[in-house]
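>>> can you look at this prediction? I've put the sequence above it.
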Amino acid sequence: MKLQCDVEVVSRLLPSYGMRGRGKGSRAVLSIGKHPDKSSPRTSIYLMICTAKDRAGAKYKLKDNIEKFFTWFVEEGKATVRLKEPAVDICLSKADANSLKNFLSAARLADRGSDTSSLPLSTLTPVRARDVEQPKKKLAIMSKKDYPLTSNFPYSLEQLQVSYCKLSRVDMRMLSLKALRKLDLSNNHIKKLPATIGDLSCLSELVLHNNHLEAVSEALCLSTLQRTLQVLDISQNRLRTLPSQFCQLRELINLKLDDNELVCLPFHIGRLSKLKYLSAAHNQLAALPGDFRKLSLENLDLFGNPFVQPNPLDHTMKLTFPLPLQEIATRAAANLRIPYGPHLIPAHLCRDLDLAKTCDCGRACINFYIKTAVSMNLHQVSHTVVLVDDMGGTDAPVQQHFCSLSCYSEFLDSSLQRGIR
């Protein structure tokens, strides 16, 4: 049984001499194994700690010698083992949580004198210099021949780049890297993201540029990435749409969607209140969602989309008279901001409410409305705007919905008056 982590051995006698420990751990390899006991002809089980300064290792007897385990923060890779003789506390940190739990279990069994055949014992031999090096934080693999097939990724990684390796899927070994903050899988052949990528609870930057992605799953958008993901690059893929739940990723600051096949942006994109940099150049966007007006950006790039000059008279009529009872009830729930969820109402009604449109009058419409498009200068939502087309324009069409004929008529009247002036 071996464990790699940071270790500080603190003597409990120091305070009585007016001294204190240095409070900083050293990288070490801990082993539990058999060693001849000088006071007995039999072998005993020892804990050996090897560091860069002492690769031969310091040994501590375990049987009936552990006073207490401190495991409040074991899920964070931290624990303390208090020995009776010598009077020291062995403070462990920066360990893999699962490995640490297994190691402490083995130490507890050794302390109780359990049958040695049930213990995963190691040979107590000096370690190699590379075994006690500081944990690796960054790793870049830029070719298929360098990709690890038999060994794991260092658990301590905070930044991992794997590019030009022809990966067709995300390696599940990457999803166990709990400290990972940046994952760059650009320039591969990945078609689908596993829902469990949301288990990377520290991930703030995800780069998937130039892959074969065809969809972003709802599960990913509803994972812990809602609270951590700040940079997302899914440019140069095969995406046609993004799920409505995409706008649950509310910590996003930088979003790159260039060179896909997107026919629309997420309906509630305005909920990305922290978004500052948005690029969706070279897609198939005909118009922007009405919620786009709520954004407040530093930089916006929509070049190369087939935007068409809007005409308020061109509209889509989806009204019936009278309105169905379900539409009236759903509008009322949206206007009154009544809380809802699948535990209260059917899932299809939840989806309708999630996509409620807001009319010029401020009231909601759901599945029955009149839709048109109006021109908006993109400088209204962004400090810097990349030209929308080769003609030097910075205007783009934005969808607008109306809950009734009277609201649409008022809009046409005001548009006509502005045109006359």
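Cool, got the structure. Numbering: from 1, shown residues only.
>>> residue contacts, the spatially most central residue of the chain?
Nearest to the mean C-alpha position of the chain, by CA atoms, centre = their mean, lies Leu225 at 3.4 Å. Counting by CB atoms under 8 Å, 6 or more residues apart in numbering, Leu225 touches Ile197, Gly198, Leu200, Leu203, Leu206, Leu249. C-betas here are computed from N, CA, C, even on glycine.
>>> out of those, which is most surrounded?
When neighbours are counted by other CB atoms under 10 Å, Leu249 leads the contacts of Leu225 with 25 neighbours.
>>> thought that residue was touching Lys274?
No - using CB atoms under 8 Å, Leu249 is not in contact with Lys274; the gap is 9.8 Å.
>>> report whether Ala110 is found in a helix, as I expect.
Yes - checked against DSSP: H, G, I helix; E, B strand; the rest coil, Ala110 lies within a helix.
>>> that one: how many residues sit nearby?
By other CB under 10 Å, the residues close to Ala110 number 25.
>>> confirm for me that it is in contact with Asp64.
No - Ala110 is beyond contact range of Asp64, at 9.8 Å (criterion: CB under 8 Å).
>>> picking that back up, now, which of the contacts of Leu225 lie within strands?
Using DSSP state E, Leu206 are the members of the contacts of Leu225 that sit in strands.
>>> mind putting the contacts of Leu225 into JSON lines with distance to Leu119 and pLDDT?
Below are the contacts of Leu225 laid out as JSON lines (distance: CB to CB, whole Å; pLDDT from 0 to 100):
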{"residue": "Ile197", "distance to Leu119": "37", "pLDDT": "88"}
{"residue": "Gly198", "distance to Leu119": "37", "pLDDT": "85"}
{"residue": "Leu200", "distance to Leu119": "33", "pLDDT": "90"}
{"residue": "Leu203", "distance to Leu119": "37", "pLDDT": "94"}
{"residue": "Leu206", "distance to Leu119": "41", "pLDDT": "95"}
{"residue": "Leu249", "distance to Leu119": "46", "pLDDT": "93"}
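>>> and the contacts of Leu225, which is closest to Asp96?
Of all those, Leu200 has the smallest distance to Asp96: 14.9 Å, by CB to CB.
>>> I figured the closest one was touching Ser176, is that so?
No - assessed by CB under 8 Å, Leu200 is found out of contact with Ser176, at 9.2 Å.
>>> hey, where'd the helices end up in this protein?
For the chain, helices defined by DSSP state H occupy the ranges 97-111, 218-221, 225-228, 325-335, 347-354, 405-420.
>>> redo those as CSV? Include distance to Gly362 and mean pLDDT.
Output for these, formatted as CSV (distance: least, CB to CB, whole Å; pLDDT from 0 to 100):
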stretch, distance to Gly362, mean pLDDT
helix 97-111, 50, 91
helix 218-221, 28, 87
helix 225-228, 28, 93
helix 325-335, 9, 90
helix 347-354, 17, 85
helix 405-420, 10, 77
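>>> redo the ones you listed as a markdown table? Include distance to Leu265.
As requested, the helices of the chain are arranged in a markdown table below (distance: least, CB to CB, whole Å):
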| stretch | distance to Leu265 |
| --- | --- |
| helix 97-111 | 39 |
| helix 218-221 | 14 |
| helix 225-228 | 19 |
| helix 325-335 | 21 |
| helix 347-354 | 15 |
| helix 405-420 | 23 |
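>>> out of the ones you listed, the one nearest Val374 is which?
For Val374, the closest of the helices of the chain is helix 405-420, at 8.0 Å, according to CB to CB.
>>> for that closest one, packing partners?
Applying 3 or more CB pairs under 8 Å, 6 or more residues apart in numbering; DSSP states H and E, we find helix 405-420 packed against strand 369-377, strand 395-402.
>>> buried ones in that helix, by neighbour count?
Of the residues in helix 405-420, Cys407, Tyr408, Phe411 count as buried by neighbour count, 16 or more other CB atoms under 10 Å.
>>> ditto for stretch 94-109
Lys94, Ala95, Asp96, Ala97, Ser99, Leu100, Lys101, Phe103, Leu104, Ala106, Ala107, Leu109.
>>> which residues touch Asp360?
Counting by CB under 8 Å, 6+ apart, Asp360 makes contact with Gln400, Phe402, Cys407, Glu410, Phe411.
>>> farthest pair within the residues you listed?
Across these (CB to CB), the longest gap, 12.3 Å, separates Gln400 and Glu410.
>>> out of the buried residues of helix 405-420, who's nearest Asp259?
Phe411 (35.2 Å).
>>> how close does the closest one sit to Leu355?
Separation of Phe411 from Leu355 (CB to CB, to the nearest Å): 21 Å.
>>> what do you get for Ile370?
Ile370 is 16 Å from Leu355, by CB to CB.
>>> got it, and Ile32?
With distances taken as CB to CB, Ile32 is found 58 Å from Leu355.
>>> again, but for Ser168
From Ser168 over to Leu355 (counting by CB to CB), the distance is 33 Å.
>>> can I see the domain layout of this protein?
Following the assignment in automatic domain parsing, the chain carries domains at 2-131, 136-284, 316-377+395-420.
>>> could you export those as JSON lines, including distance to Asp291?
Below are those laid out as JSON lines (distance: least, CB to CB, whole Å):
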{"stretch": "domain 2-131", "distance to Asp291": "39"}
{"stretch": "domain 136-284", "distance to Asp291": "4"}
{"stretch": "domain 316-377+395-420", "distance to Asp291": "8"}
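>>> and Ser151, how many neighbours?
With other CB under 10 Å as criterion, Ser151 counts 7.
>>> next, count neighbours for Val29.
Val29 has 21 neighbouring residues, counting by other CB under 10 Å.
>>> let me see the contact set for it.
Per CB under 8 Å, 6+ apart, neighbours of Val29: Lys2, Leu3, Gln4, Ile49, Cys50, Val127, Asp131, Val132.
>>> any idea how far Leu92 is from Lys101?
For Lys101, the distance to Leu92 - CB to CB - is 11 Å.
>>> between the contacts of Val29, which is nearest Ile190?
Sorting the contacts of Val29 by how near they are to Ile190, with CB to CB, puts Gln4 at the top with 30.6 Å.
>>> surely the closest one touches Ala95?
Yes - contact criterion CB under 8 Å: Gln4 and Ala95 qualify, at 7.3 Å.
>>> before we move on, back to that, what's the closest of the helices of the chain to Leu160?
With CB to CB as the criterion, Leu160 lies closest to helix 225-228 of those, at 15.5 Å.
>>> just the buried positions in that closest one, please.
For helix 225-228, the buried set under the neighbour-count rule, 16+ other CB under 10 Å, comprises Leu225, Gln226, Thr228.
>>> hmm, the last one is touching Glu251, no?
Yes - because the distance of 6.4 Å satisfies CB under 8 Å, Thr228 is recorded as touching Glu251.
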